[in-house]
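Enquirer: Got a predicted structure here, sequence first:
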Amino acid sequence: MKITLYFGSFSPIHNGHLAIAHKLLKEKLSDELWLVVSPQNPLKEEELLWPEADRLAMVQLAIEGKEGIKASDYEFHLPRPSYTYQTLLRLKQDFPQHSFNVLIGGDNLQAFDHWRDHRKILDEFGLIVYPRPGYENEELANHPNVTLLNAPLLDISSTEIRERLSKGLSLVPLVPQKVADYIQTKNFN
Ligand SMILES: Nc1ncnc2c1ncn2[C@@H]1O[C@H](COP(=O)(O)OP(=O)(O)OP(=O)(O)O)[C@@H](O)[C@H]1O
Ligand SMILES: O=C(O)c1ccc[n+]([C@@H]2O[C@H](COP(=O)([O-])O)[C@@H](O)[C@H]2O)c1
């Protein structure tokens, strides 16, 4: 099978992520999409991230009943921080029957040059990139292993959700109701 991996901190997952996931499957660019929860993005501060088990639980709630999408805790069992190329090599070893590529937002493409082994990710696996406001990387966008996905842009970020939570504002419609309910049962700060 052709599997697309959507790596993220997902602290928390929101409707922007889900819109992209649905679009990818609708365009039939892959057989399955795996949402891989990264315990520790090498370029992110640890204190901004909610506990990984909660982040995974919220991804699972958000995709419940949705065909073709899976939540993955694969990186929970790998060394930290979560270097994507290392994860890809392990996945290739563990699932030799599948082929993998990586879905990223244009904002991550901008910073992609700073990812460890980014050239190898590009050459050996390939990227599917969708636009994010204000970000471009023309050189990479023209690479033969980069596919562009023309997806809807929802101006939502996990940061905004955490800010709304700290102000006591409603989280719907930025996240699915089940995720909002989950967050209310926790004491995240
Ligand atoms: N509104 C959105 N629409 C589409 N993709 C998004 C959106 N927000 C984030 N992404 C993408 O989803 C992936 C995972 O993002 P991440 O978990 O860091 O969410 P985030 O909202 O950017 O978080 P934060 O605000 O904490 O930085 C990244 O590739 C990022 O580019
Ligand atoms: O491999 C790297 O060097 C690398 C550098 C920055 C980000 N990443 C990965 O990119 C994914 C998206 O990160 P985030 O926090 O924006 O959701 C996440 O899985 C990170 O581990 C990976």
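Expert: Yep, it's here. Numbering: from 1, shown residues only. Ligands and ions are numbered 1, 2, ... in the order given.
Enquirer: Spatially nearest residue to Arg80, not counting backbone neighbours?
Expert: Spatial nearest neighbour of Arg80, excluding adjacent residues (Cβ to Cβ, 6 or more residues apart in numbering): Gln40 at 4.5 Å. The C-beta positions use only the backbone N, C-alpha and C, and glycine is treated the same way.
Enquirer: same thing with Glu75?
Expert: Nearest to Glu75 is Ser82, by Cβ to Cβ, 6+ apart, at 4.7 Å.
Enquirer: What about that neighbour, how many residues nearby?
Expert: Using other Cβ atoms under 10 Å, Ser82 has 21 other residues around it.
Enquirer: okay, it: pLDDT?
Expert: At Ser82, the model reports a pLDDT of 91.
Enquirer: ok, now His114?
Expert: On the pLDDT scale, His114 gets 91.
Enquirer: returning to that earlier point: thinking the residue nearest to Arg80 is in contact with Glu47, fair?
Expert: No. In this structure, Gln40 is not within contact of Glu47 by Cβ atoms under 8 Å, at 11.3 Å.
Enquirer: Quick check: residues of the chain near ligand 1?
Expert: For the chain, the residues in contact with ligand 1 (Cβ under 6 Å from any ligand atom) are 8-11, 16-17, 20, 104-105, 107-108, 132, 154, 156-159.
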